[in-house]
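Student: for reference, the sequence and a predicted model appear below.
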Amino acid sequence: MDRTEKLNMFINRLKKVFRHRSRIARKMQVSCYRIYDLDMPEFPLCIDLYEDNVYVAEYHRNHQLEAEAHQVWLNDSVSCIAEVTGANSDKIFIKQRKVIEERGQQYTRMDHSGHEIVIQENGYNFLVNLQDYLDTGLFLDHRITRKMVGEESAGKKMLNLFAYTGSFSVYAAMGGASKVHTVDLSNTYLNWAKKNFQLNGLMPDNFEFSSADVLHWLPTCKSGQYDLVVCDPPTFSNSKKMTTILDTQRDHVRIINECLRVMTPGGHLYFSTNYRKFKLQEAEIQASSITDITAKTTPFDFEGKLDRWCFYIVKD
């Protein structure tokens with residue numbers, strides 16, 4: 001198959017998916033969504049739409065192309081994306097990843113272009129950066145989960161662990177939570193979370209933010225003080241700021257039980273991980289009920305492609 005045939009196949013695939021998903025997105029009033037996800041081996045890309053901006057992540061493959069030939073292929077791919085989406089070239093942002101990354105390496109700054117935009121989700125405002133980091137600041141696959149958290153936050157004391165840029169915290173605060181505590185290792189991302197609060201008319205000084213290693217901070221936390229907890233740890237982390245290595249498969253029982261300890265009776269925990277081979281050790285978890293809500297929280301643009309788990313855990 002020659003180059004032109006491959007590009008035509010890519011365009012046809014992209015047109016089909018984009019037409020279908022953009023129709024659903026308009027109906028659901030969703031402005032940020034995934035339009036292509038490694039659909040063709042010849043085009044190992046993930047393509048996300050952030051309103052009128054396009055974020056393209058290229059994943060590593062053994063393409064055996066010289067640097068110049070690879071750049072030609074990439075330029076051709078971007079031209080196809082621009083043709084299908086109608087996006088101007090200055091609105092298309094490309095990120096090249098050496099491997100398909102698990103969450104947890106998002107703390108590494110990759111550029112200093114400072115390209116930030118404000119997007120909307122369910123009427124709330126969020127700052128995203130399409131250039132400088134491995135991830136953009138908003139995980140699109142948790143769109144439904146965030147809404148669920150917001151809808152049950154009224155009057156509750158909420159704790160957000162491994163909070164990243166604090167999107168769950170924003171939903172809880174806007175949903176009427178009486179207390180919102182946001183915990184993350186990175187000051188960079190906590191400051192980003194505070195900006196997200198401000199973008200939604202929330203004063204950060206009225207809420208709690210802690211820069212801490214969750215593995216060490218959580219055991220020091222007082223028992224029975226939160227009604228709602230969100231915990232979305234990276235699959236693996238060995239940050240220089242940490243004194244121990246986090247492995248979610250190995251450590252999840254300890255983390256979940258600590259979350260349950262700091263919760264009030266009948267409290268709810270949303271626990272999520274994007275480790276594909278994750279196995280929940282349910283028998284070791286001290287909860288009254290555990291419900292797998294992965295399918296329930298999978299958005300239309302990730303159906304059949306979502307590599308994460310999500311559980312709704314209720315304390316006795």
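Tutor: Ah, there it is.
Student: what sits against M148?
Tutor: Going by CB atoms under 8 Å, 6 or more residues apart in numbering, M148 touches Y270, T297. Placement of C-beta: from N, CA and C, glycine included.
Student: tell me which element it falls in.
Tutor: Applying DSSP states H and E as the criterion places M148 in helix 143-151.
Student: which elements pack onto the helix or strand just after that helix?
Tutor: Remark: after helix 143-151, the chain's next helix or strand is strand 157-161, criterion DSSP H and E. Under the contact criterion of 3 or more CB pairs under 8 Å, 6 or more residues apart in numbering; DSSP states H and E, strand 157-161 touches helix 167-174, strand 179-184, strand 226-231.
Student: can you tell me what sits against the first one?
Tutor: Applying CB under 8 Å, 6+ apart, the contact partners of helix 167-174 are 122, 124, 126, 138-139, 142, 145-147, 149-150, 153, 156, 158, 160, 163, 180, 182, 193, 196-197, 200, 202, 207, 228, 230, 232, 270.
Student: which of these are buried? Put it as a ChimeraX command.
Tutor: Restricted to buried positions by 16 or more other CB atoms under 10 Å, the ChimeraX selection for the contacts of helix 167-174 reads:
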select :124,126,138,139,142,145,146,149,150,153,156,158,160,163,180,182,193,196,197,202,207,228,230,232,270
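Student: burial count for the residue nearest to K6 when sequence neighbours are not counted?
Tutor: Leaving out its chain neighbours, the residue that sits closest to K6 by CB to CB, 6 or more residues apart in numbering is E42, at 5.4 Å. Neighbours of E42 under the rule other CB atoms under 10 Å: 14.
Student: look at Q96 and tell me its secondary structure.
Tutor: strand (DSSP: H, G, I helix; E, B strand; the rest coil).
Student: across the sheet, point out what pairs with it.
Tutor: Q96 forms beta bridges with E58, as assigned by DSSP bridges.
Student: my read: it touches E58, true?
Tutor: Yes. The pair Q96 / E58 is scored as a contact, 4.8 Å apart, by CB atoms under 8 Å.
Student: so between these two, which is more surrounded?
Tutor: The neighbour comparison of Q96 against E58 (other CB under 10 Å) goes to E58, with 18 against 12.
Student: burial measure for N257, as a count.
Tutor: By other CB under 10 Å, 14 other residues sit near N257.
Student: leaving aside the residues next to it on the chain, what's closest to it?
Tutor: Nearest non-adjacent residue to N257, counting by CB to CB, 6+ apart: Q286, 5.4 Å away.
Student: what sits against the one you found?
Tutor: N257, L260, D316.
Student: and the longest helix seen in the chain with helix 143-151, angle?
Tutor: Looking across the chain with DSSP state H, the single longest helix is helix 3-28. Interaxial angle of helix 3-28 relative to helix 143-151 (axes from the mean of the first three to the mean of the last three CA atoms, to 10 degrees): 20 degrees.
Student: could you give the separation of helix 3-28 from the chain centroid?
Tutor: Relative to the centre of its chain, helix 3-28 is centred 23 Å away, using CA atoms, centre = their mean, to the nearest Å.
Student: with stretch 277-289 instead?
Tutor: Taking CA atoms, centre = their mean, one finds the center of stretch 277-289 at 23 Å from the center of the full chain.
Student: measure that stretch end to end?
Tutor: With CA to CA, to the nearest Å applied, stretch 277-289 spans 22 Å between its terminal residues.
Student: and if you look at stretch 156-173?
Tutor: Start-to-end span of stretch 156-173 (CA to CA) is 10 Å.
Student: who does the helix or strand harbouring A82 touch, helix- and strand-wise?
Tutor: Taking DSSP H and E as the definition, A82 sits inside helix 67-85. Secondary-structure packing of helix 67-85 (3+ CB pairs under 8 Å, 6+ apart): helix 3-28, strand 45-50, strand 53-59, strand 92-97.
Student: show me what counts as buried in that helix.
Tutor: Buried residues in helix 67-85, counted by 16+ other CB under 10 Å: W73, L74, D76, S77, V78, C80, I81, V84, T85.
Student: I figured the last one hits V54, correct?
Tutor: Which is T85. Yes. Between T85 and V54 a contact is recorded at 5.6 Å, counting by CB under 8 Å.
Student: in this structure, where is pLDDT below threshold?
Tutor: The chain contains residues with pLDDT under 70 at 1, 62-63, 97-114, 238-243.
Student: domain map for it?
Tutor: With domains defined by automatic domain parsing, the chain comprises 3-97, 116-314.
Student: okay then, goodbye and thanks.
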